[in-house]
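In: Following is a predicted model, sequence given first.
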Amino acid sequence: AVLAGEGFLMAVADGHGGQPYVRSGLGARMACRAAVSVFQGDDREYQKYGHLIKKKFDAYIRKHLECRPLSEQEKLKLGGNLPEYAYGTTLSVVYMTDHETFVLHIGDGDLHVMDSKGEFFPPLPEDPCCVGGATSSLVTEDAESYIRTALYQDRASCAVLYSDGYETEKIRPWEIIEMIATKPSEPEMEQIFLRGDRRGDDQTVLFYYDEKLTQTDEFKAGFERERIRLSLLQEEENLRRRYSDLLAYLTDAVNIARQ
């Protein structure tokens, strides 16, 4: 999280864990560095930012490969993939100023941002590549097709970004967001984050909130409305999931009985 241009930038990148991605840790750092470099520029044509970040990221990879070519062992793990694939990574970005908020995301993990009125900005479209353990990646040639962005004409009051190592079963990560009001100690915060660890995967979580903005009456009223609305949606989702499980169980039972 850094100051960039006129605003404040948050970025989380998570290198892929598969065998071909032997330099994915470096790729994650390069992705964040590319985002910082782009947002520190003077150009505020946000529709170009996905392209600019991808271009900068690819340039970093080419330069690194020139300085440190892949070893024979790395090539073996890479298999038939392009050398650039060794740096595979996801990227999530939130850039906020006093008047607007821009979000960018590719891959798994997630981001959640609230406006000045205590309500969540609309979520980005779903990524069709993120199914099961699969994810889209900033390293692929067609990465720009999977970079999703949005520009909101309001300042952000709080934001949560996390890699896929943190997985909440809820629609929104309320345990983290409620830290605005509860202000837990550092050990308590650590426990809140660890409760989101479903797979033992490494996790990165960034949490930001504006202390003054989140204390306004308007924010508090909107926050409470959002809590109630999402609680109802969560209950509906839970019921839908139980119905689906029950239907699958009954279908299996009927098929066994017919045999």
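Out: Yep, that arrived. No experiment lies behind these values; they were computed from the predicted model shown.
In: longest helix anywhere in the chain?
Out: helix 217-258 (DSSP state H).
In: And the spatially closest residue to Arg227 that is not a sequence neighbour, how far from Gln234?
Out: In this structure, Arg227 finds its nearest non-sequential neighbour in Trp174, 7.4 Å apart by C-beta to C-beta, 6 or more residues apart in numbering. Using the backbone N, CA and C atoms, a C-beta is placed for each residue, glycine as well. Distance of Trp174 to Gln234, given as C-beta to C-beta, to the nearest Å: 9 Å.
In: which phi and psi does the residue nearest to Arg227 have?
Out: phi -60, psi -30 (degrees, to the nearest 10).
In: Does it touch Glu226 like I think?
Out: No - using C-beta atoms under 8 Å, Trp174 makes no contact with Glu226, being 9.7 Å away.
In: hey, where'd the strands end up in the stretch 101-250 of the chain?
Out: Using DSSP state E, counting those that start in this stretch, the strands of the stretch 101-250 of the chain run over residues 101-106, 110-115, 148-152, 156-162, 205-209.
In: Quick check: the gap between the nearest residue to Arg23 once chain neighbours are set aside and Glu236.
Out: Spatial nearest neighbour of Arg23, excluding adjacent residues (C-beta to C-beta, 6+ apart): Ala86 at 4.2 Å. To Glu236, Ala86 is 43 Å away according to C-beta to C-beta.
In: picking that back up, need the strands of the stretch 101-250 of the chain in JSON lines with mean pLDDT, distance to Tyr49 and mean neighbour count, can you?
Out: Formatted as JSON lines, these follow (pLDDT from 0 to 100; distance: least, C-beta to C-beta, whole Å; neighbours: other C-beta atoms under 10 Å):
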{"stretch": "strand 101-106", "mean pLDDT": "96", "distance to Tyr49": "6", "mean neighbour count": "25"}
{"stretch": "strand 110-115", "mean pLDDT": "94", "distance to Tyr49": "15", "mean neighbour count": "22"}
{"stretch": "strand 148-152", "mean pLDDT": "96", "distance to Tyr49": "7", "mean neighbour count": "15"}
{"stretch": "strand 156-162", "mean pLDDT": "93", "distance to Tyr49": "16", "mean neighbour count": "25"}
{"stretch": "strand 205-209", "mean pLDDT": "90", "distance to Tyr49": "19", "mean neighbour count": "17"}
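In: can you list those in JSON lines and add distance to Pro69?
Out: Shown next, in JSON lines, are those (distance: least, C-beta to C-beta, whole Å):
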{"stretch": "strand 101-106", "distance to Pro69": "27"}
{"stretch": "strand 110-115", "distance to Pro69": "35"}
{"stretch": "strand 148-152", "distance to Pro69": "34"}
{"stretch": "strand 156-162", "distance to Pro69": "33"}
{"stretch": "strand 205-209", "distance to Pro69": "33"}
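In: out of the ones you listed, which comes closest to Ser244?
Out: strand 110-115 (22.2 Å; C-beta to C-beta).
In: what angle do that closest one and strand 205-209 make?
Out: 0 degrees (axes from the mean of the first three to the mean of the last three C-alpha atoms, to 10 degrees).
In: which other helices and strands contact strand 110-115?
Out: If you count contacts as 3 or more C-beta pairs under 8 Å, 6 or more residues apart in numbering; DSSP states H and E, strand 110-115 packs onto strand 91-96, strand 101-106, strand 156-162, helix 217-258.
In: Dump that strand to PDB, restricted to CA.
Out: Extracted C-alpha coordinates of strand 110-115, given in PDB (Å, rounded to 0.1, in the frame of the first residue of the first chain):
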ATOM      1  CA  ASP A 110     -11.000 -10.900  -4.000                       C
ATOM      2  CA  LEU A 111     -11.500  -7.300  -3.200                       C
ATOM      3  CA  HIS A 112     -14.300  -5.500  -1.400                       C
ATOM      4  CA  VAL A 113     -14.700  -1.700  -1.200                       C
ATOM      5  CA  MET A 114     -17.200   0.500   0.600                       C
ATOM      6  CA  ASP A 115     -18.200   4.000  -0.500                       C
END
